[in-house]
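Chemist: pasting the sequence and the predicted coordinates here, then a few questions.
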Amino acid sequence: MSSAPITLSDLAHVHTLADLLAWRAAVTPDAEAYRQHDAQAGGWMSWSWGETRRQVSRWRAALAASGLSAGARVGILVPNGLDHVCMDLAALSLGMVPVPMHAVDNPQSVAYILSDSDAELLLVDTTSRWQSIAGAGLHLGALKQVVVQQADAPAEATAAQQPAAVVPRETWLTAGAGAAQADAPAPTADTLAAIVYTSGTTGKPKGVMLTHGNVVANIKAVLQRFVVTSQDVLLSFLPLSHTFERTVGYYLPIAAGATVVYARSVALLQEDLLQVRPTVLVSVPRIYERIHTKVQETMHQQPGWKQGLMKAAERVGWRRFLASQGRGQARLLDGLAWQVLQPLVAQKVLGAFGGRLRMAIAGGAPLGDSVARFYLGLGMTLLQGYGMTETSPVVSCNTPDDNDPASVGRPLPGVQVRIGENNELLVAGPTVMQGYWKRPEDTQRVLEADGWLHTGDQARLTDGRLYIVGRIKDIIVTSTGEKIAPSDLELAIQGDPLFAQVLVIGEQRPFLGVLAVVEPTVWQQAARAAGIPPDALDSDAARQLALRRIVRQVSSFPSYAVPKQVRLFIDPWTIDAGLMTPTLKLKRPALMRHHQADVDSIYARR
């Protein structure tokens, strides 16, 4: 089997994602496509491209027999794996519209997405999960059928407004195999390929409408920058509801013929890295940060000479990296030093990723300078890029031979960028979304009539490179790549009279935290009722009491927008203290400095 990289001419006749799978299965039918762990068998199971296409055909038949028409929305709420792939590709081949959702999201958020998208069929992991969604209290009148992977609880009758029939996956697939198949119109480049929900400024997710043409254009553009071949192995652990993983970690490997291995869980990710030994890794910064933190903690416990070796490896390796990029010069003895430091230090650290990683891609959120320098210095080919769900998603990226970690690289071929008013980055091209589902006003606010998309990010272009310098809108981007409007959360939390002032934090952090000033009278009453001394604001009991009330206030938000930690204060934030503006708006940077110790304690490793 050839391992030559795919060219644009190879994909000349591919215009839809359905075309993509059909072409790949015809070109390399026996090559390994997917691998996932089977807990019952106690090992990894593998599927070729030919087998995958046959599985997709089985799902396609069942979906066609469900009575849905082209354009129907199909909700997918299962962990990464072959079932997700089969339902997605089956729906796409019939001109239906997948609505991928976070597998760990809360029932209220899922119910909102199902209701807003008018989803007619849902694939969900368990019966109990479906029951919690049905019990969220939202009208799901469009939903006709719920297919469950695992019937872990008796199927209870749903309320009158939730008339969907619940059926086990195998029953559904078997029924579809025996049904007569009617011809379905083939999707075109203009057919919707997904409605991907992303957080909006109203606190409710917005559905981004992406076509087959949008996504295929992004795949073709990315493949002009990165060499990915049939010899590559990717370990997939970012949720397939994340557009970054969806395009770069799912559809692009189909085009390249690479193997995708589905990780068992984030908890077992370190073990899976060592077993799978991926050659390409697609991740948000949090994974790189986690391993970096673990290395730093380990080194602090080592003798001084070992710490010195680590620092020397980073310094020498960084100089060598800059020299390789034409932005610096290595010292005379750096080559000789690296022959010692590479096996003693770098090889052992990077071995945590499996030992054969040739390219690591970080996207979804900014990667800290110290983390980027650490990995690049140790010899990892770590590449950052920029994108958003609304652009399918990749706008720009660095490449192995053109890598400036301070930037997000150069725009992809076919993607146009320019700097607008207030240094806002604007993007145009075939990868830009069609708009927000059922939100024409929101669409008009960000998408100009001539196709230019307002990103809300401030940027500069220097020598063809794109640098993100800030955000026009006050949006928090966590280290897992989720985007949250803090003002919406703060307003919701302040709906509880206990909280007089609230600041939500979490920029480039793994989760959200809250700094809150309590209303003294309400706090005293709540504390006495819970048996907590009123002056014990910094106690675990007080924080847990406050956190429970916060979680109750934000129950309608997505799970990633629910704060995990809180710190409480009795003294209000004032104008005189420089913590508020004359118009009574919180000064976020000033508050972060004022409470730096509290912020650090929220994110201290436990």
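Modeler: Okay, I see it.
Chemist: so who does the nearest residue to Ala536 once chain neighbours are set aside touch?
Modeler: Leaving aside its sequence neighbours, Ala536 sits nearest to Ala542 (C-beta to C-beta, 6 or more residues apart in numbering; 5.5 Å). Glycine gets a C-beta too; all of them are placed from N, C-alpha and C. Residues counted as contacts of Ala542 (C-beta atoms under 8 Å, 6 or more residues apart in numbering) are Ala527, Ile532, Ala536, Leu568.
Chemist: with adjacent residues omitted, what lies nearest to the second one?
Modeler: This means Ile532. For Ile532, the spatially nearest residue (C-beta to C-beta, 6+ apart) is Ala541, at 5.0 Å.
Chemist: any idea of the pLDDT on the one you found?
Modeler: As predicted, Ala541 sits at a pLDDT of 96.
Chemist: which of the helices or strands spans it?
Modeler: Assessed by DSSP states H and E, Ala541 sits inside helix 540-553.
Chemist: what about the helix or strand that that helix is followed by, distance to the chain center?
Modeler: Using DSSP H and E, the next helix or strand after helix 540-553 towards the C-terminus is strand 565-569. Relative to its chain's centre, strand 565-569 lies at 27 Å (C-alpha atoms, centre = their mean, to the nearest Å).
Chemist: got it, and stretch 164-183?
Modeler: Distance, centroid of stretch 164-183 to centroid of chain: 31 Å (C-alpha atoms, centre = their mean).
Chemist: and what of stretch 310-317?
Modeler: How far stretch 310-317 lies from its chain's middle: 32 Å, per C-alpha atoms, centre = their mean.
Chemist: show residues contacting that stretch.
Modeler: Residues contacting stretch 310-317 (C-beta under 8 Å, 6+ apart): 295, 299, 330-331, 334, 337-338, 341-342, 344-346, 373-374, 376-379.
Chemist: quick one: buried residues of it?
Modeler: Met310, Ala312, Ala313, Glu314, Arg315, Val316, Gly317 (16 or more other C-beta atoms under 10 Å).
Chemist: of those residues, closest to Val56?
Modeler: Gly317 (44.3 Å; C-beta to C-beta).
Chemist: in PDB, could you pull the C-alpha coordinates for the longest helix along the chain?
Modeler: In the chain, ranked by residue count with DSSP state H as the criterion, the top helix is helix 304-324. What follows is helix 304-324, C-alpha atoms only, in PDB (Å, rounded to 0.1, in the frame of the first residue of the first chain):
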ATOM      1  CA  GLY A 304      19.800  19.400  41.600                       C
ATOM      2  CA  TRP A 305      21.900  17.800  38.900                       C
ATOM      3  CA  LYS A 306      18.800  16.300  37.300                       C
ATOM      4  CA  GLN A 307      17.000  19.600  37.400                       C
ATOM      5  CA  GLY A 308      20.100  21.100  35.700                       C
ATOM      6  CA  LEU A 309      20.000  18.600  32.900                       C
ATOM      7  CA  MET A 310      16.300  19.400  32.200                       C
ATOM      8  CA  LYS A 311      17.000  23.100  32.100                       C
ATOM      9  CA  ALA A 312      20.000  22.500  29.900                       C
ATOM     10  CA  ALA A 313      18.000  20.400  27.500                       C
ATOM     11  CA  GLU A 314      15.300  23.100  27.200                       C
ATOM     12  CA  ARG A 315      17.900  25.800  26.600                       C
ATOM     13  CA  VAL A 316      20.000  23.900  24.000                       C
ATOM     14  CA  GLY A 317      16.900  22.500  22.300                       C
ATOM     15  CA  TRP A 318      15.300  25.900  22.100                       C
ATOM     16  CA  ARG A 319      18.400  27.400  20.400                       C
ATOM     17  CA  ARG A 320      18.400  24.400  18.000                       C
ATOM     18  CA  PHE A 321      14.700  25.000  17.200                       C
ATOM     19  CA  LEU A 322      15.200  28.700  16.500                       C
ATOM     20  CA  ALA A 323      18.200  27.900  14.200                       C
ATOM     21  CA  SER A 324      16.100  25.300  12.300                       C
END
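Chemist: after that helix, which helix or strand is next? Please name it.
Modeler: Following helix 304-324 toward the C-terminus (DSSP H and E): helix 334-341.
Chemist: buried set for that following helix?
Modeler: Neighbour-count burial for helix 334-341, counted by 16+ other C-beta under 10 Å, picks out Asp334, Ala337, Trp338, Leu341.
Chemist: again, but for stretch 273-287
Modeler: Result for stretch 273-287 [16+ other C-beta under 10 Å]: buried residues 273, 276-287.
Chemist: again, but for stretch 547-561
Modeler: Neighbour-count burial for stretch 547-561 [16+ other C-beta under 10 Å]: Leu547, Arg549, Ile550, Val551, Gln553, Val554, Ser556, Phe557, Pro558, Tyr560, Ala561.
Chemist: just those: which has the poorest pLDDT?
Modeler: By pLDDT, Ser556 ranks lowest within the buried residues of stretch 547-561, coming in at 86.
Chemist: nearest residue to that residue other than its sequence neighbours?
Modeler: Ranked by C-beta to C-beta, 6+ apart and with sequence neighbours excluded, the top spatial neighbour of Ser556 is Gln108, at 5.0 Å.
Chemist: secondary structure element holding the one you found?
Modeler: Applying DSSP H and E, one finds Gln108 within helix 107-117.
Chemist: now swap in Asp125 and tell me
Modeler: strand 121-126.
Chemist: average pLDDT across the next helix or strand after that strand?
Modeler: From strand 121-126 onward toward the C-terminus, using DSSP H and E, the following helix or strand is helix 127-134. For helix 127-134, mean pLDDT rounds to 95.
Chemist: so Arg35 belongs to a strand, correct?
Modeler: Yes - looking at Arg35 with DSSP: H, G, I helix; E, B strand; the rest coil, it is inside a strand.
Chemist: show the contacting residues for the closest residue to Gln342 other than its chain neighbours.
Modeler: Excluding the flanking residues, the one nearest Gln342 by C-beta to C-beta, 6+ apart is Gly379, at 6.8 Å. Gly379 makes contacts with Gly317, Gln342, Ala346, Leu350, as judged by C-beta under 8 Å, 6+ apart.
Chemist: for Gly379, what are phi and psi?
Modeler: phi 100, psi 0 (degrees, to the nearest 10).
Chemist: returning to what we had before: the residue nearest to Ser556 touches Ser555, doesn't it?
Modeler: Yes - using C-beta atoms under 8 Å, Gln108 makes contact with Ser555 at a distance of 5.8 Å.
Chemist: quick check: the residue nearest to Ala536 vs Gly364, distance?
Modeler: Distance from Ala542 to Gly364, counting by C-beta to C-beta, to the nearest Å: 34 Å.
Chemist: now the helices: where do they sit in the stretch 201-350 of the chain?
Modeler: Secondary structure of the stretch 201-350 of the chain, counting by DSSP state H, counting those that start in this stretch: helices at 212-223, 243-246, 252-256, 269-276, 285-300, 304-324, 334-341, 347-350.
Chemist: going by mean pLDDT, which of those comes out lowest?
Modeler: Mean pLDDT is lowest for helix 285-300 out of the helices of the stretch 201-350 of the chain, coming in at a mean of 84.
Chemist: what does that helix contact?
Modeler: For helix 285-300, the external contacting residues (C-beta under 8 Å, 6+ apart) are 237, 269-270, 306-307, 310, 349, 352-353, 360, 362, 364-368, 370-371, 374-375, 382, 478-481, 508, 510, 605.
Chemist: buried subset of those residues?
Modeler: 237, 269, 310, 349, 353, 360, 362, 364-368, 371, 374-375, 382, 478-481, 508.
Chemist: in strands only, show me the residues you listed.
Modeler: Of these, the ones assigned to strands by DSSP state E are Ala360, Ala362, Leu382.
Chemist: quick one: list the elements packing against the top strand by length along the chain.
Modeler: Secondary structure assigned by DSSP E gives strand 453-462 as the longest strand of the chain. The helices and strands touching strand 453-462, judged by 3 or more C-beta pairs under 8 Å, 6 or more residues apart in numbering; DSSP states H and E, are strand 416-419, strand 424-428, helix 440-446, strand 465-471.
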